[in-house]
Structure formats: structure tokens, C-alpha cells
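In: Got a predicted model here, sequence first, then my questions.
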Amino acid sequence: MAIFSFCTDPATLETARWFVCYLTNGKHLIAYTSFGTVLLLLAITAPTALAFGFGGAIAARSRIAPLRWFGKGYTSIVRGVPDIVFFLFFVIALDQAFEWTRHQFFCPDWPDAIRQGNDFVVCQRAKLPLSNAPQWVHEVYGFLLAVLTFAIVFGAFAANVLFGAMRAVPRAQIETAEAYGMSERQAFWRVLIPQMWVFALPGLSNLWMILVKATPLLFLLGVEDIVYWARELGGTKGALFDYPHPDWRLWYFLGLLVFYLTLTRFSEIVLGRLSQRLSHGQATLAGEAQRKAAV
Amino acid sequence: MSCWETIADYGLRSIGIGERLLPRTDFTICQQFTLIGSGMIWNIYFGVLALAMGFCLATGIAVGKAARNPLIRKPCEWFVFLFRGSPLFIQFFLAYEALVLLPREGFEIFGITAETRWLTRAWAGALIVLFLNTSAYTAEIFYGALRSVPKGDLEAADAYGMTGWARFKRVTWPTMLRLAWPAYTNEAIFLFHATTLVFFSGFPAWQQRGDALYYANYFADKTFNPFVPYPIVAFYFIILTLGVIGLFALVNRRLNRHMPQEAKRIRYRPQMIR
């Protein structure tokens, strides 16, 4: 199990080696993969949320009234309600929605009601994942539910940003495109969309920061993420364990803090450069400071 | 049991007044509305106090961040970076674990014992975290606004012979607030939303006295039906958000009272600052 050969008897090790062995024991190695879980979540959620947001923004601009209401509702609902409410809601709601749909499909002549008092009962074949599925299927399903939840919530944020960016494109640009004989669709895809990104960039980069800082909420969605492992590994380990130690959760959470600080630091540097560029030559304190520094 | 009795029993349950036991079976809509609404007391408590205290600290930190002296500037920059760069969720956990490690019997300072137990309670510990967190976010907003104060305003103040404190109090600060206000409104809304995290992040709900989301989660767990309690929380929060927007719009109008007419209406552009 142990990586290093000298780790066979932890009780006899001196401090430095003890820590080397402690930090490379089986549970820790599993815990390190959960950093990958977080990064994987970011990698999948960001484009998915952007796609959801794009759809939402287009729906909110639609000329078909019900579609527009849906889009507007989608973009505005996350403004008023805490995102964590959505996280807690969607994880159960999506699960039940999937199982309900499968139930209607697989067991159409099921005699009992699905919602019996405080229980939600579907037939065996409709269960998700199936009760005889291996453990990893359960974990992947839980992770995918979390990704979908994140994508829905952050898609709404992104829709908000993109909707605003689409409106920020100068009207004259579209009129020029129409004057050149472009159809409405052509003007939208060839003129509006390419120009929109400049206006959307500040909002989207901000959104990226929010998304990074929302990843610990995976813990609330029942995924074994870094918060779960920090609590698990940091808790007091008595003499029964190979590596007994007192309550070290504080140190584990400090480690997570450093992880997140480095993760957000990079984005902050990029944003800082951007804002520097934008205040160049402006008649403001920042612009004035730049002018004085240049002289 | 009528709905009025339920309200009498559970209306103030979140602060420990009324019926001790939470309902266990046969949950009614009225019970859910009442208990979740009673939980809102905590959300408002955390939000209002953290905002009020954070406003003061944020002003100081924003000015400190704009200072030329690195001994003042650097700590302010680090403070903002620390709290803006890490998730609030982690901050809550970290603060709780740190506060728990404080000596149980308190400190001895000059013969007086300073109690520390209360710091591990949500009402104090979580409030401190939220206060520092919102201070950092607000400071960043104020700092941005401070850098956007029109050069002409400051030159005009110079021309009137205003310097130092007088110039700050009468020109820089009001202009900074005016420019920062739409973003600050956003921050206030987000802070109220962030208060729902308190009881999910280490701080235990003592005697089941929790916030709105705590009770909603309780009902969702018990009934296995998320479609009733969570929309109720959403309903309460939409009302709270509208209230915050209304209140901040009033302040915005006062801050912009000398401006041309169109600037007085707050253009509500949703921008995610957090």
C-alpha cells in the first residue's frame, strides 16, 4: 500500500519521514485525486454553462413571447434567489425528474402513486442508477447531476451577462449590416455575435471567478470533493489508526485556502492587466496616475 | 391546528421562542411558510449587521489600498486578496476550526477572563466571517470607484483651497460612494444570499435554530419533496432582494441629487461582482 519502503511501521518513524509516509498513504492519494474532480468540474461546467447562457440570452431576445418569457425568467431568477438554494433544489429535483420520466417509460402500468406521503417510489427498472450498479456508476451519476446543476445555475448568470453584452453592441452596427442587405439571421451571427464578446468579457471573467469559488459547494451536493476529504482526513485519529494525530482540520482547510488563492490569483492578474489597459488615457485618478508615471 | 396557531408556535422558532420541537409528520404548507420565514430572521440579522460594519471597514481599506505608503497599502491589498480570492465556504470552515481551537476556559488578560466559547456560535463566528468577507468585496468596489473619481472634481476642490480631510469628506468620498453605489447594491444582494451558507459550513445550528435554508433543507429531507420548501425560500428571498434594491435606490437618489435628471434613476444592470 505504501509508496515508500520505509513506511512499513509508522510508529517508529522520526518526524520528517512520518510526514512523508502520512501524506502518501492510501487515503491521501485518493484525496489528491479530488483536486482533479474540482478541475474536471470547472472544465466541463464552464463551456456547458456558456452554452446554456447563450441559449438563455437568445431566448430572452426572441420574438416568440413564451420563449422570451422563459428566457427572461431564466436570466432573472438567479438574481433574486441564492444560488445555494438552486444547488440544493436541483440535485434532488433533477434526480426525481429523471426517475419519474424513466418510470413513465419503463413501467407505464404501475398501479401505485409515485409520491406516497413522504416517499418517492418508482419501479426497480426506473431507478437511477440501477440498484445493482457498481459503486463508480453511483459516483459518476452524482458528479454528473452536480455538473448539470452547476451548468443550469451558472448558465443563468452567463445568460445575464450575454444578454447585456448583446444589447451593448451599437445599434448602428446592425443597421449597417441590414443596409448591406444581410438578413436578420446573418446580421445576428456575422455582426452582433462577434462584436458581443468584447462587452461580455468583463462579466464572463468575473463569472469565472465566481464559478471557481463555488466549487466547494460540490460538498453539499454529496460529491466526495476536497472539502469532504479535508474533513475526513483532518478529523482526530485515535491510536487505532496507523497515523494517529489530533484534530488537524484547521491545517487541511488552510491547504484548501492556499489552493483556491493560487487558482484565483492567475485570473486576478489577467483582470488587473485588462483594467490597466482600459483606464489608460482616461481623465480619472487611475489614468492621471499613469500619465504622471509616464512623464 | 389552525395556521394562526402554527404562526404563534413557530413564528419566532429560529430565535428560540415558541414551540421547542419541530414538526415531524404531516407537514402543512403553513408550517413550511412559517418556519422558513422565521429562519429569515437570521438571514436578515447576518446581512444587515455585516453590511453595516463592513461599510465602515471597507471605506478604510479602500483608502488604504489607494495609499502611496506601501506599509499601509500592502496589508490592505493582502486583506482584499485573501477574502476575495478564496471561497466563502472555505472561510467559514476555516474560521470555525480556528475558533474551536481557542482555549475552552478563555484567556486570562490582566486578571480578567475573556470568554471565547461564544465565538464558535454562528451568531458571532459566522457574523465575523461575513463581516470581513463583505468588507473585502466592498473595499474592492470602493477602491475601483475611488480610482474613477473625475480628475476635474479634485482639481475643483484644489481650486477652492480644500485639502486633506475636508477634501476627502466633501468631494472624494461622496463621489466615490455615488460611483460605487450600483455595484455596492449588487454586493449587498450577494451578501444576503451568502448568509444562507452559514448553517451548511461547520457552524452548527444550536437547538435547531437555523436560517431559512436550514429549515427548507429540513423539510426537503423529511418529505423528500424539494418542490415545496425551496420555492418558499426563493419567494422570501425575492421579496428580500426587492426590498434591498428599493432601499438602495433611495440612497442612490440622494447621492445623485445634484446630478442631471437621468442619472438619478438607478440603471439596474445585473453585474456579477462577486
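Out: Yep, that arrived.

In: strands paired with the helix-or-strand element of chain A with minimal mean pLDDT, and their directions?
Out: Across the helices and strands of chain A, the lowest-confidence element by mean pLDDT, DSSP states H and E is strand A:115-116, at a mean of 73. In the sheet, strand A:115-116 lines up against strand A:119-120 (antiparallel) (DSSP bridges).

In: From the chain's centroid, how far away is the partner strand?
Out: 29 Å (Cα atoms, centre = their mean, to the nearest Å).

In: next helix or strand past it?
Out: As assigned by DSSP states H and E, the chain's next helix or strand after strand A:119-120 is helix A:135-168.

In: Report how many residues lie close to the closest residue in space to B:Asn225 that isn't next to it in sequence.
Out: Excluding its sequence neighbours, the residue lying closest to B:Asn225 (Cβ to Cβ, 6 or more residues apart in numbering or on different chains) is A:Arg115, at 7.0 Å. Yep, even glycine has a C-beta here, placed from its N, CA and C like the rest. If you count neighbours by other Cβ atoms under 10 Å in any protein chain shown, A:Arg115 ends up with 15.

In: now swap in A:Leu207 and tell me
Out: 22.

In: same thing with A:Ala46?
Out: 19.

In: now the helices: where do they sit in the chain?
Out: Unless you meant another one, I'm taking chain A. A:15-23, A:26-61, A:65-80, A:83-106, A:135-168, A:171-179, A:184-187, A:193-214, A:226-234, A:249-279, A:285-294 (DSSP state H).

In: wrong one, chain B
Out: Counting by DSSP H, the helices of chain B are B:3-10, B:29-65, B:70-85, B:88-100, B:122-147, B:151-159, B:164-167, B:173-194, B:212-223, B:229-255, B:261-264.

In: okay, and for chain A, where does confidence drop off?
Out: A:1-2, A:117, A:271, A:275, A:278-287 (pLDDT under 70).

In: tally of neighbours for the nearest residue in space to B:Asn217 that is not next to it in sequence?
Out: Excluding the flanking residues, the one nearest B:Asn217 by Cβ to Cβ, 6+ apart is A:Leu88, at 6.2 Å. Using other Cβ under 10 Å, A:Leu88 has 26 other residues around it.

In: Isn't A:Leu88 up against A:Leu220?
Out: Yes - using Cβ atoms under 8 Å, A:Leu88 is in contact with A:Leu220, at 6.7 Å.

In: For chain A, give me its nearest residue in the stretch 51-200 of chain B.
Out: Using Cβ to the nearest Cβ, B:His193 is the residue of the stretch 51-200 of chain B that sits closest to chain A, at 3.6 Å.

In: Quick check: nearest residue in space to that residue, chain neighbours excluded?
Out: A:Pro82 (3.6 Å).

In: Same question for A:Leu261.
Out: Here the residue nearest A:Leu261, using Cβ to Cβ, 6+ apart, is B:Gly85, at 4.6 Å.

In: nearest spatial neighbour of A:Gln195, skipping sequence neighbours?
Out: In space, A:Gln195 is closest to A:Val169, 4.9 Å off (Cβ to Cβ, 6+ apart).

In: Identify the residues contacting the residue nearest to B:Asn217.
Out: Counting by Cβ atoms under 8 Å, 6 or more residues apart in numbering or on different chains, A:Leu88 makes contact with A:220, B:213, B:216-217, B:220, B:226, B:230.

In: Report the buried members of these.
Out: A:220, B:213, B:216-217, B:220, B:226, B:230 (16 or more other Cβ atoms under 10 Å in any protein chain shown).

In: Quick check: most distant residue from the centroid of chain B.
Out: Going by Cα atoms, centre = their mean, the residue of chain B most distant from its centre is B:Ala159, 39.4 Å out.

In: Pick the one among the contacts of A:Leu88 closest to A:Val137.
Out: A:Leu220 (21.6 Å; Cβ to Cβ).

In: Please report the distance of the closest one from B:Asn217.
Out: Between A:Leu220 and B:Asn217 the distance is 9 Å, computed by Cβ to Cβ, to the nearest Å.

In: between those two, what contacts are shared?
Out: A:88, B:200.

In: picking that back up, can you tell which of the helices of chain A is closest to B:Thr175?
Out: Among those, the nearest to B:Thr175 by Cβ to Cβ is helix A:285-294 (10.3 Å).

In: Report the contact partners of A:Pro202.
Out: So A:Pro202 contacts A:Leu274 (Cβ under 8 Å, 6+ apart).

In: Look up how far chain B lies from A:Asn289.
Out: You called it Asn, but residue A:289 is Ala. 8 Å (Cβ to the nearest Cβ, to the nearest Å).

In: contacting residues for that residue?
Out: By Cβ under 8 Å, 6+ apart, the residues touching A:Ala289 are B:Arg147.

In: ditto for A:Asp247
Out: A:234-236, B:97, B:100-101.

In: Let's have the residues you listed in TSV, adding distance to A:Phe199 and neighbour count.
Out: Below are the contacts of A:Asp247 laid out as TSV (distance: Cβ to Cβ, whole Å; neighbours: other Cβ atoms under 10 Å in any protein chain shown):
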residue	distance to A:Phe199	neighbour count
A:Gly234	44	20
A:Gly235	48	13
A:Thr236	52	11
B:Glu97	42	22
B:Val100	47	17
B:Leu101	48	14
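
In: can you name the two of those residues that are farthest apart?
Out: Spanning the widest gap among the contacts of A:Asp247 are A:Gly235 and B:Leu101, at 13.7 Å by Cβ to Cβ.

In: Could you give the number of residues near A:Ser76?
Out: 17.

In: actually A:Cys107, not the one I typed
Out: A:Cys107 has 14 nearby residues by other Cβ under 10 Å.

In: ok, it touching A:Ala126?
Out: Yes - using Cβ under 8 Å, A:Cys107 is in contact with A:Ala126, at 6.2 Å.

In: if we can go back for a sec, list the contacts of the residue nearest to A:Gln195.
Out: Counting by Cβ under 8 Å, 6+ apart, A:Val169 has contacts A:191-192, A:195-196, A:199.

In: same thing but at 7 Å, please
Out: Neighbour list for A:Val169: A:192, A:195-196, A:199 [criterion: Cβ atoms under 7 Å, 6 or more residues apart in numbering or on different chains].

In: For B:Phe110, give me the pLDDT.
Out: With respect to pLDDT, B:Phe110 has a value of 68.

In: again, but for the one 3 residues further on
Out: Listed pLDDT for B:Thr113 reads 69.

In: if we can go back for a sec, the residue nearest to B:His193 and B:Gly54, how far apart?
Out: For A:Pro82 relative to B:Gly54 (Cβ to Cβ), the value is 18 Å.

In: so B:Arg178 touches B:Leu255, yeah?
Out: Yes - using Cβ atoms under 7 Å, B:Arg178 is in contact with B:Leu255, at 4.4 Å.

In: related to what we said a few turns ago, among the contacts of A:Val169, find me the one that's closest to A:Trp100.
Out: Nearest member of those to A:Trp100, counting by Cβ to Cβ, is A:Met196, at 37.8 Å.

In: Could you find the closest non-adjacent residue to the closest one?
Out: A:Ala165 (4.6 Å).

In: That neighbour against A:Phe199, yeah?
Out: Yes - counting by Cβ under 7 Å, A:Ala165 does reach A:Phe199; the two are 3.9 Å apart.
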